[in-house]
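**Student:** structure for this input, please:
(chains A and B)
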Amino acid sequence: MNIHEYQGKEVLKSFGVAIQEGIVADTPENAVKAAQELQKQTGTGWWVIKSQIHAGGRGKGKIKGTEQRGVALAKSLDDVKNISTNILGNVLVTIQTGEAGKKVNKVLVSQDVYYPGESQPKEFYISVLLNRNTGRNIIMYSTEGGMDIEEVAHNTPHLIHKEEIDPKVGLQAFQARKVAFNLGLEGTAHKEMVRFVTALYKAYDSIDAAMFEINPVLKTSDNKIIAVDSKVNLDENALFRHPDLAALRDISEEDATEVEAGEHNLNYVKLDGNVGCMVNGAGLAMATMDIIKLSGGEPANFLDVGGTANAQRVEQAFRIILKDPNVKAILVNIFGGIVRCDRVAQGIVDAYKNMGNIKVPIIVRLQGTNAEEAKSIIDQSGLKVYSAIQLQEAADLVKKVLA
Amino acid sequence: MGVLVNKKSKVIVQGFTGSEGTFHATQMIEFGTNVVGGVTPGKGGQKHLDKPVFNTVAQAVSEAQADTSIIFVPPAFAADAIMEAAEAGIKVIICITEGIPTKDMIQVKEYLKDKDCRLVGPNCPGVITAGEAKVGIMPGFVFKKGKIGIVSKSGTLTYEAADQVVKSGLGISTAIGIGGDPIIGTTTKEAVELLMNDPETDGIIMIGEIGGGMEAEAARWIKNNATKPVVGFIAGQTAPPGRRMGHAGAIVGGADDTAAAKMKIMRSCGITVVDSPAGIGAAMAQALETIKA
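**Tutor:** Predicted coordinates:
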């Protein structure tokens, strides 16, 4: 589960990670108040107004139809008000949001941390995540902060360092020192980095995070080490242990249909194609999407109905798939093992009759226990539903209805 | 014989008296699996499905000589259940539970390092040796006895593959559902290796998914060690890139973890990779024909 930058920073701060301070605001007026308050607290004379959406590339992204960037520097309270007015309630388009963009409901009014001083400010990259190959967490870091880390990894892989954490003992002091040395820090900044990394890993471990990405981590001109951005991703399987973090979920950031599907325990992901599908099991669902493509269509969604494909669930699934106006056909692919195919077939027929107004052709492929009975239930229903038993037959039917 | 489980396996069910445990234990017993009892803390001494219930796995090992366990314990307690089985001396631990926190599995993986046991899963359909033992949740009737081994990350796609194998006139030796979680006990390569060394397996089907580097690892091993034909399929050729905030995961994974990249590596290692999931069975039959010819 993703959370916003401002939420992530609050969590980090609660574990002693130094952050760029900020106050979140949902109206231009509140943004001005936040800026005044922040000035009192930190003495900052300039402010950075940061759009709060679950997507990266905000600094380069623009508010739809304008030249307003998603992250902008305000040198006066008038600037704060104008920039916030330009951003709030409008749609921000970044390289990660796609053309549709995302509506910005909140801005984080932040202190300016790039102030001049005794030394040059310097940006770093630090992330914490699972290394799937070893089954251990790693801290990945680089001197090349503030840049696209994938490009850094591609062009200058020697500038990316990793510290693997032994789960028996956790992060060790020598590892935190190594991070600071490899980032070329000395004196106060070195000590601050050791403290920063130690607190960061403690936070990661304590909250069951799935990934932290702090880009940039900044060494300020007065040698403080602070998190200027925060991407915090939480392990959804562990949210039962963290009700406070579960409450940070922002449903407005998610696709409305996907949220509705989730409420019915249907695992649905919307895609851009023209053939909807309903499948039991995630692997078979992906394979079904692949076969739609091989049959000349494009998958309109991923949908795993799970183990109990009864009439009610099937109907919910049909309703969700059909919310997408691009859907020209639906392929139902159920491998009935424990669940009997004839029951699923009856569920499909009942759901179809109940809904009444299905206009697109439906192909039903039921294989497994009582597959033959299931096929005859479909065939004798008098509905505009094509039936199949073999997967290849279903693929051929997709080809036929799209032709 | 087969690998991992057979008719001699003495199986216990952890989470025996819960609804999942009860349902699937019943199915396993009907299949003919030698279920010697189950574990539900606090219900020791009772009988369930005519089998003894134990408080601890250690008791099940000492009193019923259990050597194999299948776990249906809820996610919050599943890591503990795996470690209990390992400590008690269970040799094959099969964890069905879906949704175990990653942090718990990091600890489990570490805990198992110096234990003499093998974990399959979690979040998997289990293991079945056709005609001998089903230690899992798969529909047993699909798996007709034969000489094809299956290794798969996914449940229903395994059943699909097994069904196609049978329709092609072949049958199944052992099917191993390794699970799709980021941290699992038995990797694709380890499962393939087991089947490669099994005298009752003539061909291997390897089914993967997008994400991670396990198929590539298995493919490289196959290139140097294959003594039998391997047919592969990767689900998710049309799946959009994962929804992750940063791109750190892709970097750590090393090579590209898309379906296309995996299929390319597998082909370059001599695996017959099918584009369509409908072609798995036929490809296996053809691969065996080619060898005979």
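**Student:** now the phi/psi pair for A:Ala234, please.
**Tutor:** Not Ala; residue A:234 is Leu. phi -100, psi 150 (degrees, to the nearest 10).
**Student:** for it, which non-adjacent residue is closest in space?
**Tutor:** In this structure, A:Leu234 finds its nearest non-sequential neighbour in A:Met1, 4.7 Å apart by C-beta to C-beta, 6 or more residues apart in numbering or on different chains. The C-beta positions use only the backbone N, C-alpha and C, and glycine is treated the same way.
**Student:** now swap in B:Phe16 and tell me
**Tutor:** Nearest to B:Phe16 is B:Gly38, by C-beta to C-beta, 6+ apart, at 2.4 Å.
**Student:** did I read that right, the one you found in a strand?
**Tutor:** Yes. Judged by DSSP: H, G, I helix; E, B strand; the rest coil, B:Gly38 forms part of a strand.
**Student:** can you name the residues that contact it?
**Tutor:** B:12-17, B:21, B:25, B:48-49, B:51-54, B:60 (C-beta atoms under 8 Å, 6 or more residues apart in numbering or on different chains).
**Student:** for the chain, which spans come out with low pLDDT?
**Tutor:** No chain was given, so I picked chain A. Judged by pLDDT under 70, chain A has its weakly predicted residues at A:307-309.
**Student:** that's the wrong chain, I wanted chain B
**Tutor:** Ranges of chain B meeting pLDDT under 70: B:241-256.
**Student:** ranges for the helices of it?
**Tutor:** In chain B, the helices defined using DSSP state H lie at B:19-31, B:57-64, B:75-88, B:102-112, B:156-167, B:188-196, B:214-225, B:248-252, B:259-268, B:280-292.
**Student:** for those, which one sits closest to chain A?
**Tutor:** Ranking the helices of chain B by their distance to chain A (criterion: C-beta to the nearest C-beta) puts helix B:156-167 first, at 3.2 Å.
**Student:** can you name the residues in contact with the closest one?
**Tutor:** A:279-281, A:283-284, A:287, A:335, A:337, A:367-368, A:390-391, B:125, B:138-139, B:142-144, B:146, B:148, B:150, B:152, B:171-172, B:175, B:177, B:205, B:207, B:233, B:235, B:277-278, B:280-282, B:284.
**Student:** secondary structure class for A:Gly273?
**Tutor:** Per three-state DSSP, A:Gly273 ends up coil.
**Student:** and it, how many neighbours?
**Tutor:** Neighbours of A:Gly273 under the rule other C-beta atoms under 10 Å in any protein chain shown: 20.
**Student:** ok, for it, nearest residue in space, not its chain neighbours?
**Tutor:** A:Glu298 (2.9 Å).
**Student:** on that earlier part again, for the residue nearest to B:Phe16, name its beta-bridge partners.
**Tutor:** Here B:Gly38 sits in beta bridges with B:Val13, B:Val53, going by DSSP bridges.
**Student:** tell me the contacts of the closest residue to chain A within chain B?
**Tutor:** Closest to chain A within chain B is B:Ser154: 2.2 Å, counting by C-beta to the nearest C-beta. Counting by C-beta under 8 Å, 6+ apart, B:Ser154 touches A:Gly281, A:Ala282, A:Gly283, A:Leu284, A:Met286, B:Gly177, B:Gly180, B:Ile207, B:Glu209, B:Ala235.
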